[in-house]
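In: Sequence first, then the predicted structure:
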Amino acid sequence: MSIQTPQPVRGTQDIFGAEAEAFAFVVETFERVRKLYRFRRAEMPVFEKTTVFSRSLGETTDVVSKEMYSFEDRGGESLTLRPEFTAGLARAFLTDGWQQHAPLKIATHGPLFRYERPQKGRYRQFHQLDAEIIGAGEPQADVELLVMADQLLHELGIADGVTLHLNTLGDAPSREAWRLALIDYFRAHREGLSEDSQERLDKNPLRILDSKDPRDKAFVADAPQIDAFLSGEAQDFFGKVTAGLDAAGVAWTRAPALVRGLDYYRHTAFEFVTDRLGAQGTVLGGGRYDGLIETLGGPHTPAVGWAAGIERLAMLLGERGEVPADVVLAVEDDQLLNLGIRANTALRQAGFSTEMISTGSPRKRFDKAAKIPGKVLVGIAIRDGRSAFNVRSNGGAEDHLPVQAILDKLTA
Ligand code: ATP
Ligand code: MG
């Protein structure tokens, strides 16, 4: 009887090779940029009590109603694998006393879980970068986050062809007036809408604007726009955000139908979008969520944040070629193995990346080492009865002289 190898879970990925290098580059760049903007780091639990998400995202959102991985643990409590970061960070802000740090600039990254239809750029376990400013009601916070996102995309080298789509949902009165106008408008076209959007019409009409169903898109294009309903205060807020972006040199385009899928958004809503990833073109999205912390039982706490899909950013980077080693060593005589280990260790401690070939037929080791992409090649062999390092550079002297200096100390 043969044993069947279990297959991976649908919608999960084993990330390896060039893709894994691109993934790591995204995370490293994010870590560097978040330090430039002085965002603090947090490591967050992968699961939370289900109510953390159901209350803060709202029962009618797609994420809560269709996409959550919820389960009862052995103690009978309902837990959920995090489908996003914001709710957990907001929970921690309240339960861990992070209020004392407000306004808190905080960043995290890691895996998230949503029961979605798997396809290119859409997985059931995926990964996000996340940045939030909690406890800041001023438009400067929105500007800071957007400029940071823009710099991240530039440092990743993928800003070309990615556009910042920007909208405002206004303050509570503006949003409410707009909501009523949208209800009137969509009611008049109810029959033409998708089933999902007919349901949204009763529960949360704003989210019809977010629909990806082609049947809805024609109606969305002609729907009333927020601008007609913006209060003076909301206009002023949005004006400060756009002026800040202009001052920082961040390009943006107005997207009047852009709403975020979640109920707690106010004022600024945005997405960085590319047409290079087909239907999964949103690489980074976010906005201001002034009402969220209250839905978790906390005091009124304005906040703004964004999340970016690491896989989608990595896909835009494309293949990242193998990074050559600084030094490749070949131990050409088994008697010299320990000298090789000493040399290899000394080079790594000095900050060189190295690889050492010391197995297989000694005569073939140098040729084997020469095939590994590396800047400097070092043969370790016995010449005229003495051990010797034979240093060969594939580039210029600036590559091999520092290596030679370290090796010379070992033989001195
Ligand atoms: P979409 O409209 O693509 O479903 P969303 O509005 O659900 O995105 P958010 O919840 O705002 O997405 O998440 C922010 C980012 O995370 C998205 O812009 C995208 O880059 C990424 N993302 C979201 N869901 C997935 C997924 N299932 N697989 C891979 N990346 C994802
Ligand atoms: Mg989604």
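Out: Now that the structure is in, tell me what you want to look at. Ligands and ions are numbered 1, 2, ... in the order given.

In: Any idea which residue of the stretch 101-250 of the chain lies closest to ligand 1?
Out: F126 (3.4 Å; CB to the nearest ligand atom). To be clear about C-beta, it is placed using only N, CA and C from the backbone, and glycine gets the same treatment.

In: Paired strands for the helix or strand harbouring that residue, with orientation please.
Out: Assessed by DSSP states H and E, F126 sits inside strand 125-134. Strand pairing for strand 125-134, using DSSP bridges, gives strand 104-113 (antiparallel), strand 303-309 (antiparallel).

In: hmm, the last one touching ligand 1?
Out: Yes. Judged by CB under 6 Å from any ligand atom, strand 303-309 and ligand 1 are in contact via A307, A308, G309.

In: which one of the strands paired with strand 125-134 is the most hemmed in?
Out: Highest mean neighbour count of those: strand 303-309, a mean of 24 (counted as mean count of other CB atoms under 10 Å).

In: can I get the CA coordinates of that strand in PDB?
Out: These are the backbone C-alpha positions of strand 303-309, laid out as PDB (Å, rounded to 0.1, in the frame of the first residue of the first chain):
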ATOM      1  CA  ALA A 303      -7.500  57.100  13.700                       C
ATOM      2  CA  VAL A 304      -6.300  56.500  10.200                       C
ATOM      3  CA  GLY A 305      -4.400  53.600   8.600                       C
ATOM      4  CA  TRP A 306      -3.600  51.500   5.600                       C
ATOM      5  CA  ALA A 307      -2.800  48.000   4.600                       C
ATOM      6  CA  ALA A 308      -0.900  46.600   1.600                       C
ATOM      7  CA  GLY A 309      -0.900  43.100   0.200                       C
END
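
In: ok, so what distance separates the closest residue to G110 other than its chain neighbours from G309?
Out: Nearest non-adjacent residue to G110, counting by CB to CB, 6 or more residues apart in numbering: H127, 6.5 Å away. Per CB to CB, to the nearest Å, H127 is found 7 Å from G309.

In: so what does the helix or strand harbouring A149 touch, helix or strand wise?
Out: Per DSSP H and E: A149 is located in helix 139-156. Here helix 139-156 touches helix 17-36, strand 125-134, strand 162-168, helix 232-248, strand 266-274, strand 282-288, strand 303-309, helix 310-317, going by 3 or more CB pairs under 8 Å, 6 or more residues apart in numbering; DSSP states H and E.

In: hmm, back to that, would you agree the residue of the stretch 101-250 of the chain closest to ligand 1 is in contact with E311?
Out: Yes. Using CB atoms under 8 Å, F126 makes contact with E311 at a distance of 5.7 Å.

In: and these two? which has more neighbours close in?
Out: Higher neighbour count among F126 and E311: E311, with 23 against 20, using other CB atoms under 10 Å.

In: ok, the more buried one - contacts?
Out: Q13, F23, G121, Y123, F126, H127 (CB atoms under 8 Å, 6 or more residues apart in numbering).

In: Widest-spaced pair of the residues you listed?
Out: Greatest spacing in these, by CB to CB: F23 and G121 (13.6 Å).

In: Close to ligand 1: what parts of the protein are there?
Out: So the chain meets ligand 1 at 84, 114, 116, 121-123, 126, 128, 261, 280, 282-285, 307-309, 311-312 (CB under 6 Å from any ligand atom).

In: Are any of the residues you listed buried, and if so which?
Out: Among the residues of the chain next to ligand 1, those classed as buried by 16 or more other CB atoms under 10 Å are 84, 114, 116, 121-123, 126, 128, 261, 282-285, 307-309, 311-312.

In: Might you report the residue contacts of R41?
Out: R34, I106, A107, T108.

In: Beta-bridge partners for it, please?
Out: Here R41, judged by DSSP bridges, has bridge partners A107.

In: So for this protein, which residue is the most central one in space?
Out: L129 (2.9 Å; CA atoms, centre = their mean).

In: what residues go with each domain of this structure?
Out: 17-171+231-317, 325-411 (automatic domain parsing).

In: of all those, which gets the most neighbours per residue?
Out: domain 17-171+231-317 (a mean of 18).

In: start to end distance for that one?
Out: With CA to CA, to the nearest Å as the measure, the ends of domain 17-171+231-317 fall 14 Å from one another.

In: quick check, distance from that domain to the centre of its chain.
Out: Between the centre of domain 17-171+231-317 and the centre of its chain there are 9 Å (CA atoms, centre = their mean, to the nearest Å).

In: Can you get me the start-to-end distance on stretch 166-175?
Out: One end of stretch 166-175 to the other measures 16 Å (CA to CA).

In: make that stretch 215-233, sorry
Out: First residue to last in stretch 215-233 (CA to CA) measures 35 Å.

In: Number the residues from 4 up from this point.
Out: Taking 4 as the first residue, the last one we looked at is stretch 218-236.

In: State the mean pLDDT of it.
Out: Mean per-residue pLDDT for stretch 218-236: 92.

In: Then stretch 350-364?
Out: Averaging pLDDT along stretch 350-364 yields 97.

In: Likewise for stretch 252-262?
Out: Stretch 252-262 comes out with an average pLDDT of 94.

In: Return the per-residue confidence for the residue of the chain found nearest ligand 1.
Out: The nearest approach of the chain to ligand 1 comes at G312, 2.5 Å away (CB to the nearest ligand atom). G312 carries a pLDDT score of 97 in this model.

In: now the stretch 54-203 of the chain, which segments are flagged as low pLDDT?
Out: Applying pLDDT under 70 to the stretch 54-203 of the chain picks out no residues at all.

In: same thing but 80
Out: Low-confidence segments of the stretch 54-203 of the chain (pLDDT under 80): 61-64.

In: Show me the contact partners of the host helix or strand of G91.
Out: If you go by DSSP H and E, G91 is part of helix 89-98. The contact list for helix 89-98 (CB under 8 Å, 6+ apart) reads 45, 47-48, 51, 55-56, 59-60, 85, 101-102, 107, 109, 111, 133, 135, 137-138, 292, 295-296, 299-301, 304, 306, 308, 310.
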